[in-house]
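Trainee: Got a predicted structure plus its sequence, pasted below:
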Amino acid sequence: MTTKDLNTIIRTSVPLLFSGIWGIHLFAVEKPNIVLIYADDLGYGDVSCYGATKIETPNIDRLAQNGLRFTNAYATSATSTPSRYSLLTGEYAWRNPNTKVAAGDAPLIIPTDIGTLPSMLQKAGYTTGVIGKWHLGLGSQEGPDWNGVIKPGPAEVGFGYSFLIPATGDRVPCVYVENGTVVNIDPTDPIKVDYKYPVDEGPTVKKNPELLRMQSSYGHNQSIINGIGRIGYMTGGKSALWDDDNIADVLIDKAQAFIGQNREEPFFLFFSTHDIHVPRVPHPRFAGKSTMGPRGDAILQLDWCVGKIIQTLQETGLWKNTLIIFTSDNGPVVDDGYHDQSVELLGEHTPWGSFRGGKYSVYEAGTRIPFITHWPARIEPNISEALVSQVDLFHSLAILTGQKLAPDDAPDSFNVLTALLGENTQARDFLVEQGWSLSIRKGNWKYIEPSEKSRYDPYTNIELGNAPYPQLFDLSVDVAEKHNVAEKYPEKVQEMASLLDSVKQGIVGRSISTDIFQESK
């Protein structure tokens with residue numbers, strides 16, 4: 001039997017699932033729909049199923065209680081753009097020099113000539129859509145044409161439908177982009193965007209502080225949109241501006257519509273929320289409902305969105321055969337540039353859980369994140385200690401949907417499907433974490449390479465984890481990374497440093513030879 005024959009069987013009957021490198025199991029279920037809910041800046045300790053006691057997240061908890069909750073799952077990076085790049089390409093972002101945190105007018109970062117998670121799923125017969133925060137650049141090297149057709153973009157990397165926040169909520173332009181066009185654009189009021197100099201005579205924080213309804217703690221001092229200071233300058237596009245209070249509602253409406261419209265065929269929905277990123281402006285029905293100000297209220301709003309996804313899947317009859325993956329793009333940050341009482345009202349809540357650091361940091365809190373898989377037809381409720389990374393979703397979902405990876409596809413993505421399904425805890429042996437420097441975890445050992453970069457971010461009050469000397473931690477006894485044992489274990493330092501160097505050079509990594517889709521002899 002050839003690969004082509006095998007793929008034909010898969011498309012017309014049941015998917016192949018794998019419980020080991022050479023083991024094949026056939027399950028009498030349809031190919032699952034896949035919904036990836038990607039929260040923004042949500043910490044390991046921000047939800048109640050991961051130990052939060054000062055806030056309740058019942059809908060996220062429901063996924064955890066009836067699915068698989070991972071305790072050793074990682075985003076690849078402690079910041080947004082690199083994590084999203086790795087998730088969609090199966091490649092560590094630090095291999096691509098263009099994957100720094102993207103400006104709002106950055107060109108598309110993902111090359112259009114490589115395989116991506118959505119393009120792979122399209123080949124498997126999936127309808128693909130992305131709704132929410134993008135932050136991977138749009139348009140050509142000259143930058144996006146906000147007043148025309150914006151391409152390349154999601155369509156060129158595998159998404160059949162897109163409804164985007166182009167970058168982040170605190171960056172201009174503050175407009176939605178649907179399938180390559182700004183929503184509600186008025187040709188007589190063209191959008192102008194610049195990230196270096198003011199454009200025309202639009203209001204800015206420096207000139208018009210009286211227009212602010214939310215003060216900046218640092219940065220966010222350029223154009224004022226909806227009474228909020230932003231990064232970058234923008235004028236025009238008044239009819240297209242989003243309403244910050246309604247972002248979650250708009251995105252969830254689009255997500256529900258996508259699910260309903262595609263209920264008859266398998267679909268992949270990348271639902272990339274804005275919450276709980278700054279500016280935190282939750283809908284009035286959530287304002288004041290937590291004890292932690294807008295940051296806590298935004299967590300409640302995020303949980304509500306998860307509940308709406310659950311409700312829609314149930315009402316459409318898709319609940320049992322939908323694989324939901326819930327996770328976050330990086331670890332938490334409290335004050336990230338606005339006076340929103342996030343520090344003053346934090347109280348005993350610990351967004352970072354038991355870990356050290358946070359967003360931007362190479363310490364554990366920067367990249368160890370909530371990660372839940374839920375699929376009633378396949379996954380039994382449990383807690384998993386398997387070591388997995390978001391970069392592995394490309395390879396694992398390729399195996400799930402019967403797709404063979406090309407040699408150049410997803411070079412850093414491992415097949416951890418059986419771990420994602422809870423069949424065992426055999427997953428990765430090691431993974432790389434990216435802050436402003438790199439670290440590698442193997443077993444319970446974690447090594448952080450020496451770096452001359454800043455050790456501390458004075459704006460966010462976060463330890464970045466950088467140091468001019470090697471750092472080695474035994475996470476089995478020191479999960480908070482308080483005791484550097486590099487001098488005590490020099491041979492382990494050398495072993496870990498060599499492993500990291502081998503990964504950097506591409507000598508050590510996944511091998512597509514472990515895929516079973518091979519021509520029969």
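Mentor: On my side now, so go ahead.

Trainee: where do the helices sit along the stretch 1-150 of the chain?
Mentor: 3-12, 58-66, 80-89, 117-123 (DSSP state H, counting those that start in this stretch).

Trainee: Please verify my assumption that Ala486 contacts Leu472.
Mentor: Yes. In this structure, Ala486 is within contact of Leu472 by C-beta atoms under 8 Å, at 4.1 Å. For every residue, glycine as well, the C-beta is placed using N, CA and C.

Trainee: which stretches of the stretch 1-150 of the chain have low pLDDT?
Mentor: Low-confidence segments of the stretch 1-150 of the chain, defined by pLDDT under 70: 1-30.

Trainee: Tell me which of Ala486 and Leu472 has more neighbours.
Mentor: Neighbour count, other C-beta atoms under 10 Å: between Ala486 and Leu472, Leu472 has more, with 22 against 19.

Trainee: Show the backbone phi and psi for the more buried one.
Mentor: phi -130, psi 130 (degrees, to the nearest 10).

Trainee: Could you do Leu164 as well?
Mentor: Per-residue torsions, Leu164: phi -120, psi 150 (degrees, to the nearest 10).

Trainee: picking that back up, which residues do Ala486 and Leu472 both contact?
Mentor: Residues touching both Ala486 and Leu472 (C-beta atoms under 8 Å, 6 or more residues apart in numbering) are Val493.

Trainee: who touches Thr127 in this structure?
Mentor: Counting by C-beta under 8 Å, 6+ apart, Thr127 touches Gly160, Tyr161, Asn262, Glu265, Pro266, Phe267, Phe268.

Trainee: any idea how far Pro82 is from the residue nearest to the spatial centre of the chain?
Mentor: The centre of the chain sits closest to Asp329, judged by C-alpha atoms, centre = their mean, with a distance of 3.2 Å. Asp329 is 9 Å from Pro82, where distance means C-beta to C-beta, to the nearest Å.

Trainee: Just confirm Phe286 contacts Leu300, I think it does.
Mentor: Yes. The pair Phe286 / Leu300 is scored as a contact, 5.1 Å apart, by C-beta under 8 Å.

Trainee: Identify the farthest-apart pair in the contacts of Thr127.
Mentor: Tyr161 and Pro266 (14.4 Å; C-beta to C-beta).

Trainee: and the residue lying closest to Leu302 once chain neighbours are set aside, what helix or strand is that in?
Mentor: What sits nearest to Leu302 in space, not counting adjacent residues and going by C-beta to C-beta, 6 or more residues apart in numbering, is Asp275, at 4.1 Å. Asp275 belongs to no helix or strand when assigned by DSSP states H and E.

Trainee: cool, and Leu431?
Mentor: Short version, using DSSP H and E: Leu431 is in strand 430-434.

Trainee: before we move on, what about Glu348?
Mentor: With DSSP H and E as criterion, Glu348 is part of no helix or strand.

Trainee: Would you mind listing the residues in contact with the residue nearest to it when sequence neighbours are not counted?
Mentor: Nearest residue to Glu348, sequence neighbours excluded (C-beta to C-beta, 6+ apart): Lys54, at 6.0 Å. Neighbour list for Lys54: Thr291, Met292, Gly296, Gly347, Glu348, His349 [criterion: C-beta under 8 Å, 6+ apart].

Trainee: Near the fifth one, how many other residues are there?
Mentor: Pointing back at Glu348 there. Applying other C-beta under 10 Å, we find 7 residues neighbouring Glu348.

Trainee: same question, the second one
Mentor: Other residues lying near Met292 total 22 when counted by other C-beta under 10 Å.

Trainee: and it, what does it touch?
Mentor: Shown in contact with Met292 (C-beta under 8 Å, 6+ apart): Lys54, Ile55, Ile299, Gln341, Ser342, Leu345, Leu346, Gly347, His349.

Trainee: with these in mind, which one is nearest to Glu210?
Mentor: Gln341 (21.2 Å).

Trainee: Thr418 belongs to a helix, doesn't it?
Mentor: Yes. Applying DSSP: H, G, I helix; E, B strand; the rest coil, one finds Thr418 inside a helix.

Trainee: my read: it touches Ile399, true?
Mentor: No. Between Thr418 and Ile399 there is no contact under C-beta under 8 Å: 9.2 Å.

Trainee: Break the protein into its domains for me.
Mentor: With automatic domain parsing as the criterion, the domains of the chain are listed as 3-184+243-273+281-420, 430-512.

Trainee: mind putting these in JSON lines, distance to Gly227 included?
Mentor: Shown next, in JSON lines, are those (distance: least, C-beta to C-beta, whole Å):
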{"stretch": "domain 3-184+243-273+281-420", "distance to Gly227": "9"}
{"stretch": "domain 430-512", "distance to Gly227": "22"}
